[in-house]
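Visitor: need a structure here:
(one chain, ligands or ions: 1)
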Amino acid sequence: MKGGYKGKILRVNLSTGRIEKENLSPELARKFLGGVGLGSYLLFKEVPAGTDPLGESNKLFFCTGPLTGTRIPTGRYVVVFKSPLTSILGWSSSAGHWGPELKFAGYDLLIVEGASSSPVYLWIDDDFVELRKAQHLWGATTSETQRRIRKELGDEEVRIACIGPAGERLVRFASIINDEGRAAGRCGAGAVMGSKKLKAIAVRGHGGVKVADPERVSELVKRMYEVWKSEPFVRSLHLYGTNAMTSFTSGIAAFPTRNFQSGWFEEWEKLSGPTLSKTLLVKKAGCFGCPIACGRVSVVKSGPYQGMVVWGPEYEHVNTFGAGCGNSDLEIVSICHQLVNEYGMDGISCGRAISFAMECYEKGLLKKEEADGLDLTWGNKETIVELVKRIGERRGIGDLLAEGTRLAAKRLGRGTEKYAMQTKGLEYAGYEPRGMKGMALTYALGNRGGCHITTGMLYLDIGTMTWMYPLDSPLDPQVLDLEKVKAEIALERRYTVIEAAVLCKFFAGIVFTPSLLASSLSAVTGWEMDEGEVDRIGERIWTLQRMFNVREGISRKDDTLPERFFTEPLPDGFSQGQVLDRKTFEEMLDTYYRMVGWDENGIPREEKIRELGLEEFLPLR
Ligand code: SF4
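Guide: Numbering: from 1, shown residues only. Here you go, the predicted structure:
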């Protein structure tokens, strides 16, 4: 391979202790690129149908992409696995420096398989790879784990991805944390690590990443910097971090409030990016090579957590622990943000589990005595913080909520299912699909469940731009029509390639055009790719992921949203009266299936599978 790849896969078997290095096939790399592409391919190949996500047979694929560690701004890695939260394909990506470090150590991918009988951590120092005992680290928070491993290895530059107590206790939405506050948050990768008794992966690399055409890469980077400087949304990301989004979603009353009972939070300004900047913010932080620096570092100024340094808060937590729970206190949001990072949990699923419990309590479906005597009234600050801790420790009511809203509702019964705000088991982020109707499609069709970022639809629905899908004029957020279906299809393919490349979706999703994406891949790898090939790779990976899920039992019945969105109009604000029309939604689903070559039940047709070169996975069931 001319550039972009190290050509090596590191495979570590925790049951046997065997460590192997394998070659990466160039043909496979061109077909699936890397990241979520190669990860999904290998998951399908190596993890049999019906595998217990928390059993020994599940695997973790830590994947970089051809662009990782190059001058093209990205600091991410992707981890692919079968999810203990959704029981389908799970993947999660994280920013920071860990991904490039793995590449600098000489590996495109790390495969972790089997399970250890006692806690261990993996130490990768270029060619030198070993498993080390981690009994002494079991129970430590994520920041403590990183601090102690760095000290133990005598190197402050070591990059560490680790789990906290939530992963050890198999909280179904446990995350992996690297570089202090960067999280591979969604779908429960941390619980899979915990089930394997793998506490951490420490990496130190001293190599670089060769690119095929360095001059062309320089020109492209120059162009990217010009675009990012002139793009207003990117500027607001730089100024306010991801919390810039609070003003946009509140502006159209699509800021999920009190477990999606409304999209209008009357006190949203107390939670906004400018408020954060004026009150708690200490500094901005960025990933490897990225000029946007959308990360935040804040400090709690009062109360029992005074002085707590917070690597955030991010927009999603502002919504889930803020408006989602009826709370307007940014300090409480910040405390929750830091606590979920220290326990190692996904703040979206955790926050939604809390607002689910609060709504059940409000409706009389969850009694105070069943909730450990806690008062679950909306906005009760002490309760919100306490529930985060109880979930992270699987203590009392926290043990139920640690199952995620879908399973918790199933265990609780009493009709509580309708308050579990999720698709395929994955809880929604901070975008209300009645006020942002394109998001209804993205949530319903996401291959990892109710994810907000498998497409860039949210940008179209808030009326800003994504250069990945250039439009002459903004789309109407309150309309679900053929234009939204076309956007869904184009964006899911391009965003999948971003996640395979591996680029940051904030950066690439907004700044890159499809042609810039193709040029970047060509300049780095030396394979001349046009937009058509890039889109085809995205389609191939997306279809493969759907095929994996079909093998696990997914079909049209799962491509939906909770009844609330079809029957309860939004009560106030700009989106007042908005609701999803069931007939239109089903028609758009039919249109989507037809356009992507799936049958009316949402199963990819055999001719489409063959056309994409995926016939090795036939028959599906
Ligand atoms: S935009 Fe933010 S998350 Fe993305 S690479 Fe830059 S700093 Fe990291």
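Visitor: Quick check: buried residues in stretch 566-583?
Guide: By neighbour count on 16 or more other CB atoms under 10 Å, the buried set for stretch 566-583 is 566, 568, 570, 573-575, 578-580. Where C-beta positions appear, they are placed from N, C-alpha and C, glycine not excepted.
Visitor: Take those and write them to a markdown table, including secondary structure, pLDDT and distance to residue 304.
Guide: Output for the buried residues of stretch 566-583, formatted as a markdown table (DSSP: H, G, I helix; E, B strand; the rest coil; pLDDT from 0 to 100; distance: CB to CB, whole Å):
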| residue | secondary structure | pLDDT | distance to residue 304 |
| --- | --- | --- | --- |
| 566 | helix | 98 | 43 |
| 568 | coil | 98 | 37 |
| 570 | coil | 96 | 36 |
| 573 | coil | 91 | 34 |
| 574 | coil | 91 | 37 |
| 575 | coil | 90 | 37 |
| 578 | coil | 96 | 40 |
| 579 | coil | 97 | 42 |
| 580 | coil | 98 | 42 |
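Visitor: Where does residue 16 sit: helix, strand or coil?
Guide: Secondary structure, DSSP: H, G, I helix; E, B strand; the rest coil: residue 16 is coil.
Visitor: and if you look at the one 5 residues further on?
Guide: Under the three-state scheme (three-state DSSP), residue 21 adopts strand.
Visitor: so it makes contact with residue 12?
Guide: No - the pair residue 21 / residue 12 is not scored as a contact, 10.3 Å apart, by CB atoms under 8 Å.
Visitor: Now do the contacts for residue 283.
Guide: 296-297 (CB atoms under 8 Å, 6 or more residues apart in numbering).
Visitor: and whichever strand or helix holds it, which residues are buried?
Guide: Following DSSP states H and E, one finds residue 283 within strand 281-285. Neighbour counts using 16+ other CB under 10 Å place 281, 284-285 of strand 281-285 among the buried residues.
Visitor: For the helix or strand just after it, name the packing helices and strands.
Guide: Moving toward the C-terminus from strand 281-285, the next helix or strand (DSSP H and E) is strand 295-299. If you count contacts as 3 or more CB pairs under 8 Å, 6 or more residues apart in numbering; DSSP states H and E, strand 295-299 packs onto strand 281-285, strand 309-310.
Visitor: Looking at the ones you listed, spot the one closest to the ligand.
Guide: strand 281-285 (7.4 Å; CB to the nearest ligand atom).
Visitor: tell me the angle of the closest one relative to strand 295-299?
Guide: Inter-element angle recorded for strand 281-285 and strand 295-299: 160 degrees (by axes from the mean of the first three to the mean of the last three CA atoms, to 10 degrees).
Visitor: packing partners for the helix or strand of the chain with the lowest mean pLDDT?
Guide: Of all helical and strand segments in the chain, the minimum by mean pLDDT, DSSP states H and E falls on helix 505-511, at a mean of 80. Counting by 3+ CB pairs under 8 Å, 6+ apart, the packing neighbours recorded for helix 505-511 are helix 214-230, helix 232-240, helix 482-501.
Visitor: so which of the ones you listed gets nearest the ligand?
Guide: helix 232-240 (6.3 Å).
Visitor: and the closest one, what's its mean pLDDT?
Guide: Averaging pLDDT along helix 232-240 yields 85.
Visitor: helices or strands next to whichever helix or strand comes after it in the packing?
Guide: As assigned by DSSP H and E, the chain's next helix or strand after helix 232-240 is helix 245-251. With contacts taken as 3+ CB pairs under 8 Å, 6+ apart, helix 245-251 sits against helix 273-279.
Visitor: is the helix it packs on anywhere near the ligand?
Guide: No - remark: helix 273-279 sits outside contact range of the ligand, by CB under 6 Å from any ligand atom, the gap being at least 13.7 Å.
Visitor: Since that was my last question, I'll sign off now.
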